[in-house]
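>>> Structure for this input, please:
(chains A and B)
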Amino acid sequence: MFGLADVNSFYASCEKVFRPDLKGCPVVVLSNNDGCCIARSPEAKRLGIKMGDPWFKIREQTFSEKIHVFSSNYELYASMSARVMSCLEEMTPRVEQYSIDEMFLDLRGLQKSIGYETFGAQLRAHVQACTRLTIGVGMGPTKTLAKSAQWASKEWPAFRGVLALTPGNPARTEKLLSLQPVQELWGVGSRIARTLNTMGITTALQLARTNPAFIRKNFSVVLERTVRELNGESCIPLEEAPPAKQQIVCSRSFGERIVTLEDMRQAVCQYAERAAEKLRGERQYCRHISVFIKTSPYSASEPYYGNVAVEKLLTATQDTRDIIAAAMRGLERIWRDDHRYAKAGIMLNDFTATGVAQLNLFDEQPPRPHSQELMNVLDGINQSGLGQVWFAGRGIAPQWKMKREMLSPAYTTRWKEIPLARIG
Amino acid sequence: MDLIMLTPTESAQALALPLFLEMVPCGFPSPAQDYVEKELDLNEYCIRHRSATYYLRAHGDSMRDGFLFNGDLLVVDSAMKPEHGDIIVAGMGAEFTVKRLLTRPRLCLQPMNAAFPPIYPDPDELQIFGVVTHIIHRTREVMKCLD
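Predicted structure coming up:
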């Protein structure tokens, strides 16, 4: 048996934990650069705010009550997510973090000691006690069914956030799947759902009853796996350790458009630094470094320009200096004046687990001496929380950095920002 | 100095005080080497349940003869079951407040400053954030307050 724990309106709920005054108030969280709505509290949903609504539109509307708006505070969300994760690990031995607010659980053998739904309620109570966040728990013989159960536990409040689909009660599973639209299934995107709908497959149950061979022929192995999982055949195992990354991407939209090469260099330099740090976190070395820059595709009055440059290194590296240098070479090649750039990023590819490589006779870049030690010191300082060191190429006071005008404090990760409790 | 005292996060370095059981004369290879025990970690002392522990800063007028001062660091366990006599943090209106919880003879929140009257909240309305398990003063600042 698998379980899926999902935190209810995670970002918005995190914002409420340390703000007793927001109890029962509508809360909305905005995307990077305060672009559009990416999370809503139930109260905000009731007011009709939709996911993806742009902030400038929400701001102009009038609502019956005050809406509390926050920029996304990823420091806080990551910290609360880690707390939820360790709460679940205290009660179930194997947990897979599937996303920032969803975790798969291994519930094998549980039935022998305690009922599934009793256990689900205990998980919920424990997470609530430790983090003040509410989770929904879905359980089923496969990951896909656990996800469907979790969907249903949200859809029908009568389940009180906990629902188990067991092989012993097939009628219940069937009933639920007959009520679940096919596009709500795990692993079914909106495009596939549309095609399925034209074939007359609109509910999860109809998909479950379709011949897997037919699905494989007309769609993909992935969707075939979904069909099998819906019938109780587990095809997707729990992955405790995420597979080693094959690619690292660091990109951001700018708070303000970038028009000068110098500003763009600073931005790309910072992304290169961050990407290199991530690479070392994965204990990998990379050989391919690509840089991309683009203008806004939505601007009607300006011509669109976007381009990618790929730099190949002869020896794999994880040294920030090499990665910055390659990124700068790439940027020089694709930079065009007279554009207002909206986004840039860096991608690292072609990983190897060691930096050892046969040195080339004509290699212009021999490995730097003491590279590893220097990078260790760099990461050590930056991860200590005591201070930051960075490459001067990134500048001191960038104007282009992310806009987060309604940011809440990092309540759990910065001493200066911990919540206050009044003496009285 | 203060910072070292106040870093009970996992990644930060714990205040490391090796515990020797013997006096060591200078100039010799240390005969105490075999006796070094595990280093003391303030986290271990203050935190029982990491995922449920939060830090809050006390602020406001403190009592001269009390034991809670403006600027004190509160270590709060949100999973601990509050009991009669505990010091707790509760959400009251727009903010968190530190109070003493009395469950008998009737539910009461006693202020930590005698200048304020006790509060008798509705048991269903009371929002307890957690139990204060430790209070950490910065002694110098506290002594300045008292002088």
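>>> what about chain B, any weak spots by pLDDT?
Where chain B drops to pLDDT under 70, the residues are B:1-29, B:63-66.
>>> 50 instead?
Confidence mapping of chain B against pLDDT under 50 gives the ranges B:1-2, B:4-8.
>>> Can you show me the helices along the chain?
You didn't say which chain, so I picked chain A. Assignment of helices within chain A using DSSP state H yields the ranges A:10-17, A:42-46, A:55-60, A:74-91, A:116-131, A:143-155, A:170-179, A:190-198, A:204-208, A:212-218, A:221-230, A:261-281, A:320-334, A:371-383.
>>> meant chain B actually
Defined through DSSP H, the helices belonging to chain B, from first to last, are B:2-5, B:42-46, B:139-146.
>>> To chain A, which of those lies closest?
Comparison of the helices of chain B against chain A by CB to the nearest CB identifies helix B:2-5 as nearest, at 7.9 Å. Placement of C-beta: from N, CA and C, glycine included.
>>> pLDDT value on whatever residue of chain A ends up closest to chain B, please?
When CB to the nearest CB is the measure, chain A has its nearest residue to chain B at A:P20, with 2.7 Å between them. pLDDT, the model's per-residue confidence, is 92 for A:P20.
>>> Skipping adjacent residues, who's closest to it in space?
Nearest residue to A:P20, sequence neighbours excluded (CB to CB, 6 or more residues apart in numbering or on different chains): B:G91, at 2.7 Å.
>>> Count the residues that sit near the closest residue to chain A within chain B.
Closest approach of chain B to chain A (CB to the nearest CB) occurs at B:G91, with a separation of 2.7 Å. If you count neighbours by other CB atoms under 10 Å in any protein chain shown, B:G91 ends up with 20.
>>> Same check on A:H370?
A:H370: 9 neighbours (other CB under 10 Å).
>>> Same question for the one 3 residues further on.
Counted with other CB under 10 Å, the burial measure for A:E373 works out to 9 neighbours.
>>> residues touching it, list them.
By CB atoms under 8 Å, 6 or more residues apart in numbering or on different chains, the contact set of A:E373 is empty.
>>> Check the gap between it and A:G380 for me.
10 Å (CB to CB, to the nearest Å).
>>> now swap in A:D101 and tell me
In this view, A:D101 and A:G380 are 30 Å apart by CB to CB.
>>> Comparing those two, which residue is more hemmed in?
Per other CB under 10 Å, whichever of A:D101 and A:G380 has more neighbours is A:D101, with 22 against 11.
>>> Just to check, the more buried one is in contact with A:S13?
No. Here A:D101 lies out of contact with A:S13, judged by CB atoms under 8 Å, at a distance of 9.1 Å.
>>> Common neighbours of the two, please.
Common contact partners of A:D101 and A:S13 (CB under 8 Å, 6+ apart): A:V7.
>>> strands paired with the strand ranked longest in chain B, and their directions?
Counting by DSSP state E, the longest strand found in chain B is strand B:127-136. When pairs are called by DSSP bridges, strand B:127-136 turns out to pair with strand B:73-77 (antiparallel), strand B:87-92 (antiparallel).
>>> what comes into contact with the longest one?
Looking back up the chat, that one is strand B:87-92. By CB under 8 Å, 6+ apart, the residues outside strand B:87-92 that reach it are A:20-21, A:23, A:421, B:56, B:68, B:74, B:76, B:82, B:96-101, B:109, B:112, B:119, B:126-132, B:135.
>>> Go again with 7 Å.
A:20, A:421, B:56, B:74, B:76, B:82, B:96-101, B:109, B:126-132 (CB atoms under 7 Å, 6 or more residues apart in numbering or on different chains).
>>> Is there a quick ChimeraX command that grabs whichever of these are buried?
For selection in ChimeraX, the members of the contacts of strand B:87-92 meeting the burial criterion (16 or more other CB atoms under 10 Å in any protein chain shown) are listed in this command:
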select /A:20,421 /B:56,74,76,82,96,97,98,99,100,101,109,126,128,129,130,131,132
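>>> who are the neighbours in contact with the residue of chain A closest to chain B?
A:P20 makes contact with B:91, B:94-96, B:127 under the criterion CB under 7 Å, 6+ apart.
>>> From A:V28, how far out is it?
From A:P20 to A:V28 the distance is 19 Å (CB to CB).
>>> how big is the angle separating the longest strand of chain B from helix A:10-17?
Angle between the axes of strand B:127-136 and helix A:10-17 is 70 degrees (criterion: axes from the mean of the first three to the mean of the last three CA atoms, to 10 degrees).
>>> Only alpha carbons, please: show strand B:127-136 as PDB.
Extracted C-alpha coordinates of strand B:127-136, given in PDB (Å, rounded to 0.1, in the frame of the first residue of the first chain):
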ATOM      1  CA  GLN B 127      -5.300  29.200  20.000                       C
ATOM      2  CA  ILE B 128      -2.200  27.900  21.700                       C
ATOM      3  CA  PHE B 129       0.800  27.900  19.500                       C
ATOM      4  CA  GLY B 130       3.100  26.000  21.800                       C
ATOM      5  CA  VAL B 131       4.600  25.400  25.200                       C
ATOM      6  CA  VAL B 132       7.700  27.500  26.100                       C
ATOM      7  CA  THR B 133      10.200  24.900  27.100                       C
ATOM      8  CA  HIS B 134      13.200  27.200  27.600                       C
ATOM      9  CA  ILE B 135      13.800  30.900  28.000                       C
ATOM     10  CA  ILE B 136      17.200  32.200  27.000                       C
END
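>>> quick one: that strand to chain centroid distance?
The gap between the average C-alpha position of strand B:127-136 and the chain average comes to 8 Å, counting by CA atoms, centre = their mean, to the nearest Å.
>>> What of stretch B:77-97?
Relative to the mean C-alpha coordinate of its chain, stretch B:77-97 is positioned 13 Å out (CA atoms, centre = their mean).
>>> what about that stretch, start to end distance?
Here the two ends of stretch B:77-97 are set 15 Å apart, with distance taken as CA to CA, to the nearest Å.
>>> Buried ones in that stretch, by neighbour count?
B:77-80, B:82, B:86-92, B:95-97.
>>> swap in stretch A:278-295?
A:279-280, A:282, A:284-295.
>>> Next step: these restricted to strands.
Judged by DSSP E, the subset of the buried residues of stretch A:278-295 located in strands is A:285-295.
>>> okay if I get those as CSV plus distance to B:D34?
Listed next are these as CSV, based on distance: CB to CB, whole Å:
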residue, distance to B:D34
A:Y285, 42
A:C286, 46
A:R287, 49
A:H288, 52
A:I289, 51
A:S290, 56
A:V291, 56
A:F292, 59
A:I293, 61
A:K294, 64
A:T295, 68
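>>> Show me the two of those that sit farthest apart.
With CB to CB as the measure, no two of those lie farther apart than A:Y285 and A:T295, at 32.9 Å.
>>> Quick check: phi and psi on A:S113?
With angles defined as degrees, to the nearest 10, A:S113 sits at phi -110, psi -30.
>>> How about the contacts made by it?
When contacts are taken as CB under 7 Å, 6+ apart, A:S113 is in contact with no other residue.
>>> Same question for B:N70.
With CB under 7 Å, 6+ apart as the criterion, the residues that contact B:N70 are A:423, B:58-60, B:62, B:145.
>>> out of the residues you listed, which is most surrounded?
Highest neighbour count within the contacts of B:N70: B:A58, with 25 neighbours (other CB under 10 Å).
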